[in-house]
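> Requesting a structural model of the entry that follows:
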Amino acid sequence: MPSERGAATLKAAAQGIHHLFLSSLASKVLTFAANVAVVRYTSPEQQGFKLQLELIAMSVLFFGREAFRVAALRMDMSEAVPVEEIGSALRHTMNVGALSALFTAALLAGVWFVGLPMLMQRSQEWQHAAAELQLPGAFCLFLVGAFLETLCEPLYMTMQGMALNKLRSYSEAAALFVRSLAPIVLIQLGFPPLLAFGWSWVLYGTVMTGTLYFYFSVQGCRVGVIPATSALAVRRDDGVLMPAKVSSCLLQLQLESSMRLVLQEAEKVVLSSVAPLAEQGVFQVVSHLGGMLCRLLFRFIEESSLAIWSKLVSIGALEESQRVLVVLLRFLCLLGFIFCAFGPAYSHSLLFILYGTKWTATDGPEVLAAYCLYLSLMGINGSSEAFNRAAATDAHLQRLWKVQCVFSCVSVALSVLSTTQLGLGLVGLVWSSSVVMCLRTAFCLHYARSFLPSFRVRDCIPAPSVVAATAGAFVATKASQRQFFPRESNDVKAMAMHIAVGAVIFLAYLGVVYKAERRLFGEMRSVLRGEAAAKPKNA
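All right, here's what the predicted structure looks like:
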């Protein structure tokens with residue numbers, strides 16, 4: 001029966017997720033600690049150049065592999081699938097990965113020859129700063145690191161499709177460990193900061209690719225041993241490279257991913273075009289700080305749920321799909337409420353503790369306060385879009401691409417308007433991104449309602465008592481900030497008093513949340529364990 005197979009698929013897809021989360025937690029905390037140390041050794045201008053280099057490298061990687069990864073997930077290789085079907089799915093998955101690697105490598109080659117001259121065609125003052133900070137060498141290192149990471153794409157997709165979560169957690173943790181520590185060590189050895197950042201990308205790609213090739217060379221694959229050394233070779237199985245259901249949606253997935261890339265990076269593109277390097281550096285530091293939870297938890301939930309939904313939807317397990325969707329969205333709403341309640345009042349304190357007065361004297365505290373709402377929306381939108389990508393038909397993917405085009409234009413227009421015409425600066429940039437994020441989430445939830453007839457958005461909203469407690473906590477913490485640690489203050493004792501008041505409010509808030517949402521935590525735990533849905537309590 002679909003429900004029984006859905007429970008089995010959910011359990012198979014969820015196996016090892018806790019290992020992935022724990023390793024992700026450790027690696028991201030280490031990354032965050034290393035980033036704090038690095039920021040103290042760099043200037044806002046250097047952080048501004050780093051933003052542009054990361055934007056180029058990450059955009060190429062996302063454009064070259066995201067659609068292929070989503071398409072590959074539609075081939076089920078879990079234990080719920082008959083063993084004779086897994087070998088064919090494995091070969092098709094590696095074909096998709098090889099095509100993704102070749103496509104991304106071609107994009108990197110194009111950026112290599114076109115991107116650097118474009119970067120250097122700025123004002124003479126900008127060119128002088130770029131030459132002094134050794135931007136050309138750093139640009140080349142970032143692209144080399146991205147290329148090395150691309151080489152492991154066939155094995156990465158195989159690992160993801162076979163739900164080898166332990167392997168993924170260990171390989172990513174090792175690569176992030178090296179990339180986190182490398183800049184600190186290299187700067188201490190006398191390397192210019194931008195070159196240190198570039199070499200950290202090279203080391204990340206080397207460790208990630210080397211780990212996967214070593215594992216698959218030694219262990220092989222569960223069904224049929226495909227040599228890791230031939231991972232980039234495209235092989236035909238029964239005369240086809242990949243199933244028709246994958247090839248038919250690949251173009252639409254690529255178009256949708258392209259629009260999503262524009263939506264995700266629109267504010268950075270506008271910022272790098274019109275803002276001074278110092279403001280770009282402030283945004284870089286705040287986005288890294290504000291996005292720590294996004295990279296730590298939201299991205300983990302999004303990727304894990306995408307893998308689960310892709311498998312559940314492929315076998316028609318709509319009941320389990322809806323259950324996972326409701327539980328995740330309600331949990332993410334709850335996390336977003338915590339950000340909105342406590343983030344704005346403690347953004348100044350956090351920057352003061354981590355980076356000192358050099359960064360609190362900038363627009364950083366105000367930008368970080370606005371970023372709290374954006375983070376809340378980002379978590380909800382990430383999982384809702386993951387469900388759309390997993391469940392979308394070809395017709396919906398075409399409609400989604402058109403809507404994403406509209407949202408992309410709105411995002412760029414709002415970003416330009418807020419920064420150049422309204423004079424809202426970095427805060428306006430964050431607010432414009434939040435508006436677009438709301439529109440994207442609304443569209444995704446609308447499709448979820450049409451795909452899952454019994455799905456209700458109000459089931460994803462926490463209890464009214466939690467909503468009231470969130471509003472009360474926001475008012476109380478802002479009052480504490482005005483009383484003890486206002487924007488212009490740098491008094492450590494006053495900040496300690498402000499934090500103590502916030503801790504008391506937070507404990508009271510947690511009490512309300514636990515009383516109202518106790519069942520949610522149990523449901524979340526069962527989803528992560530891959531357990532079948534519990535029967536609802538009688539009214």
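> Flag the shaky bits of the stretch 301-450 of the chain, pLDDT-wise.
Low-confidence segments of the stretch 301-450 of the chain, defined by pLDDT under 70: none present.
> all helices for it, in order.
For the stretch 301-450 of the chain, the helices defined by DSSP state H, counting those that start in this stretch cover 318-355, 357-360, 364-391, 394-416, 425-451.
> Can you name every helix or strand that the second one contacts?
With contacts taken as 3 or more Cβ pairs under 8 Å, 6 or more residues apart in numbering; DSSP states H and E, helix 357-360 sits against helix 318-355. Quick note: C-beta positions are derived from backbone N, CA and C, even for glycine.
> How far off centre is the helix it packs on?
Using Cα atoms, centre = their mean, to the nearest Å, we find the averaged C-alpha position of helix 318-355 to lie 14 Å away from the chain's own average C-alpha position.
> Could you tell me the angle between that helix and helix 364-391?
In terms of direction (axes from the mean of the first three to the mean of the last three Cα atoms, to 10 degrees), helix 318-355 departs from helix 364-391 by 160 degrees.
> among the helices of the stretch 301-450 of the chain, which is nearest L107?
Using Cβ to Cβ as the criterion, the shortest distance between L107 and the helices of the stretch 301-450 of the chain is 19.1 Å, found for helix 394-416.
> contacts for the closest one?
248-249, 252-253, 255-256, 259-260, 262-263, 266-267, 269-271, 274, 388, 392, 429, 432-433, 435-436, 439-440, 443, 447 (Cβ atoms under 8 Å, 6 or more residues apart in numbering).
> same thing with stretch 131-147?
With contacts defined as Cβ under 8 Å, 6+ apart, stretch 131-147 is touched by 45-46, 49, 53-54, 56-57, 60-61, 104-105, 108, 111-112, 115-116, 119-120, 130, 192-195, 197-205.
> For PyMOL, what selects the buried ones among these?
Selection of the buried residues among the contacts of stretch 131-147 in PyMOL, burial being defined by 16 or more other Cβ atoms under 10 Å:
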select buried, resi 45+46+49+53+54+56+57+60+61+104+105+108+111+115+116+119+130+192+193+194+195+197+198+199+200+201+202+203+204+205
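> Of the contacts of stretch 131-147, which belong to helices?
When DSSP state H is applied, those are split such that 45-46, 49, 53-54, 56-57, 60-61, 104-105, 108, 111-112, 115-116, 119-120, 130, 193-195, 197-205 fall in helices.
> Dump the helices of the stretch 301-450 of the chain to TSV, plus distance to A163 and mean neighbour count.
Written out in TSV, the entries for these read as follows (distance: least, Cβ to Cβ, whole Å; neighbours: other Cβ atoms under 10 Å):
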stretch	distance to A163	mean neighbour count
helix 318-355	15	21
helix 357-360	41	17
helix 364-391	15	23
helix 394-416	24	18
helix 425-451	24	19
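> would you turn these into JSON lines with distance to S304?
Below are the helices of the stretch 301-450 of the chain laid out as JSON lines (distance: least, Cβ to Cβ, whole Å):
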{"stretch": "helix 318-355", "distance to S304": "9"}
{"stretch": "helix 357-360", "distance to S304": "34"}
{"stretch": "helix 364-391", "distance to S304": "9"}
{"stretch": "helix 394-416", "distance to S304": "22"}
{"stretch": "helix 425-451", "distance to S304": "18"}
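> Nearest to Q483, out of these?
With distances scored as Cβ to Cβ, the stretch of the helices of the stretch 301-450 of the chain nearest to Q483 is helix 318-355 (10.8 Å).
> Could you check the angle that closest one makes with helix 425-451?
What separates the directions of helix 318-355 and helix 425-451 is an angle of 170 degrees, with the same axes, to 10 degrees.
> right, and the helices of the stretch 301-450 of the chain - which one's nearest T470?
Each of the helices of the stretch 301-450 of the chain has some distance to T470 by Cβ to Cβ; the shortest is helix 318-355, at 4.3 Å.
> what sits up against stretch 325-341?
293, 297-298, 301, 305, 309, 372-373, 375-377, 379-380, 383-384, 387, 448, 452, 455, 459-462, 466-467, 469-471, 473-474, 477, 509, 513, 517, 520, 523-524, 527.
> and these, which are buried?
293, 297-298, 301, 305, 309, 372-373, 375-377, 379-380, 383-384, 387, 448, 452, 455, 460, 462, 466, 469-470, 473-474, 477, 509, 513, 517, 520, 523-524, 527.
> among the helices and strands of this protein, which has the poorest mean pLDDT?
Among the helical and strand segments of the chain, the one scoring lowest on mean pLDDT, DSSP states H and E is helix 2-14, with a mean of 52.
> Just confirm V286 is within a strand.
No. According to DSSP: H, G, I helix; E, B strand; the rest coil, the state of V286 is helix, so it is not within a strand.
> So what's the residue count around it?
Burial of V286 is recorded as 25 neighbouring residues (other Cβ atoms under 10 Å).
> Mind pulling the model confidence for it?
At V286, the pLDDT value in this model is 84.
> With the one 4 residues further on instead?
Turning to G290, the model gives it a pLDDT of 72.
> Distance of it relative to Y514?
26 Å (Cβ to Cβ, to the nearest Å).
> More neighbours: those two, which one.
It is G290, of G290 and Y514, that has more neighbours when counted by other Cβ under 10 Å, with 24 against 11.
> Surely that one touches A370?
No. Between G290 and A370 there is no contact under Cβ atoms under 8 Å: 9.2 Å.
> So what's the gap between the helix or strand hosting L176 and the chain middle?
For L176, the host element (DSSP states H and E) is helix 165-188. For helix 165-188, the gap between its own C-alpha mean and the chain's C-alpha mean amounts to 17 Å (Cα atoms, centre = their mean).
> got the buried residues for it?
165, 167-184, 186-187.
> Going by secondary structure, P453 is in what exactly?
Assessed by DSSP H and E, P453 sits outside every helix and strand.
> Model confidence score at it, please.
Among the per-residue scores, P453 shows a pLDDT of 78.
> I'd like the distance between it and L261.
Spatial separation of P453 from L261 under the definition Cβ to Cβ is 32 Å.
> who's more crowded, these two?
Taking neighbours as other Cβ under 10 Å, P453 and L261 compare with L261 leading, 18 against 8.
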